[in-house]
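# coordinates only, no sequence provided:
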Ligand SMILES: NC(=O)c1ccc[n+]([C@@H]2O[C@H](COP(=O)([O-])OP(=O)(O)OC[C@H]3O[C@@H](n4cnc5c(N)ncnc54)[C@H](O)[C@@H]3O)[C@@H](O)[C@H]2O)c1
Ligand SMILES: O=C(O)C1=N[C@H](C(=O)O)CCC1
């Protein structure tokens, strides 16, 4: 048993944070500190020795797409459950995480592209609406410090919409564009156009625009402050050890 483990009062969940000096990591450390049932045992950023995290029961990762897989493999190897907010998860990456977890029946991993409760509902509403409209486009807007485009949230939403359209037998989204300045029509994710806006003053925002005969439907979510993600992060921290294996998205935890 480590010193940190010995010192922890019974009943408190020991939490470590990767990316602790980043925009999200700072908020996560504050939220864990403020929670009566959690205790922050390690806050790690680039260049720090991550072995301090070995005392944690749950690690929260808000780092970057290029380091998150190494962090995840390390935590799973140590038998530590992980809550991941870092983006960049392809189906291939998710399969890799499932393979690492296969030999660790007591370890849980929750990976969610967006921990905002409103954002999770926005994605659910969009998936529900998708089968009723022939047209759909996604417009995501974020702060200019964001490294990836389109956002993980937009990519996840596009995949869910594409799946709902396929199940409903909808064909391609109508679009007569013949001459295009490259990029003018956005990126295409599973047949859904996604437009990424970056501007100072923004935090994280997304609109899903549906079009049908004589009508449009816009579903919009706005995170004005990173504290909006904290209830979802804490929900996952409290639940992850009771969910062995991989959970993608917050939907199952909210239900
Ligand atoms: N799921 C969500 O709800 C949600 C919300 C906001 C952001 N994000 C995602 O979270 C990630 C982080 O976002 P951010 O705005 O906090 O970015 P950020 O750049 O402010 O923070 C990332 C931090 O990770 C640190 N880091 C880099 N390599 C590391 C390593 N090997 N070990 C430990 N720390 C390391 C960096 O030094 C930095 O402090 C991004 O992928 C972003 O898209 C997800
Ligand atoms: O600030 C970011 O970066 C965010 N990233 C996530 C994404 O890519 O969807 C969630 C919203 C904030």
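Received the coordinates, thanks. Bear in mind that the values here come from a model prediction, so they are computed numbers and not experimental data. Ligands and ions are numbered 1, 2, ... in the order given.
# how about the residues of this protein near ligand 1?
Residues of the chain that fall close to ligand 1, judged by C-beta under 6 Å from any ligand atom: 18-19, 21-25, 44-46, 62-64, 67, 85-87, 112-115, 148, 152, 229. Backbone N, C-alpha and C define where each C-beta goes, glycine included.
# check whether stretch 95-111 contacts ligand 2.
No. Judged by C-beta under 6 Å from any ligand atom, stretch 95-111 stays clear of ligand 2, getting no closer than 11.9 Å.
# can you show me the strands along the stretch 1-150 of the chain?
Listed in chain order, the strands of the stretch 1-150 of the chain (DSSP state E, counting those that start in this stretch) span 13-18, 38-44, 58-61, 81-84, 108-111, 135-142.
# what packs against the last one?
By that I understand strand 135-142. Applying 3 or more C-beta pairs under 8 Å, 6 or more residues apart in numbering; DSSP states H and E, we find strand 135-142 packed against helix 152-167, strand 192-198, strand 204-212.
# could you measure from residue 128 over to residue 73?
Separation of residue 128 from residue 73 (C-beta to C-beta, to the nearest Å): 36 Å.
# same question for residue 84.
Residue 84 is 12 Å from residue 73, by C-beta to C-beta.
# neighbour count winner among those two?
For residue 84 versus residue 73, the count of surrounding residues by other C-beta atoms under 10 Å is larger for residue 84: 27 against 13.
# give me the spatial nearest neighbour of the more buried one, chain neighbours excluded.
Closest residue to residue 84 apart from its sequence neighbours, by C-beta to C-beta, 6 or more residues apart in numbering: residue 111 at 4.4 Å.
# what about that neighbour, how many residues close to it?
Counted with other C-beta under 10 Å, the neighbours of residue 111 add up to 23.
# beta-bridge partners for it, please?
residue 84, residue 248 (DSSP bridges).
# quick check, it in contact with residue 94.
Yes. Here residue 111 reaches residue 94: they are 7.2 Å apart, a contact under C-beta atoms under 8 Å.
# separation between residue 200 and residue 186?
As defined by C-beta to C-beta, residue 200 lies at a distance of 21 Å from residue 186.
# these two: which is more packed in?
Taking other C-beta under 10 Å, residue 200 and residue 186 do not tie; residue 186 has more neighbours (17 against 7).
# what do residue 111 and residue 94 both touch?
With contacts taken as C-beta atoms under 8 Å, 6 or more residues apart in numbering, residue 111 and residue 94 have 246, 248 as neighbours in common.
# name the nearest residue to the most centrally placed residue in the chain, ignoring sequence neighbours.
Centroid-nearest residue in the chain, with C-alpha atoms, centre = their mean: residue 113, separated by 1.7 Å. Nearest non-adjacent residue to residue 113, counting by C-beta to C-beta, 6+ apart: residue 152, 3.5 Å away.
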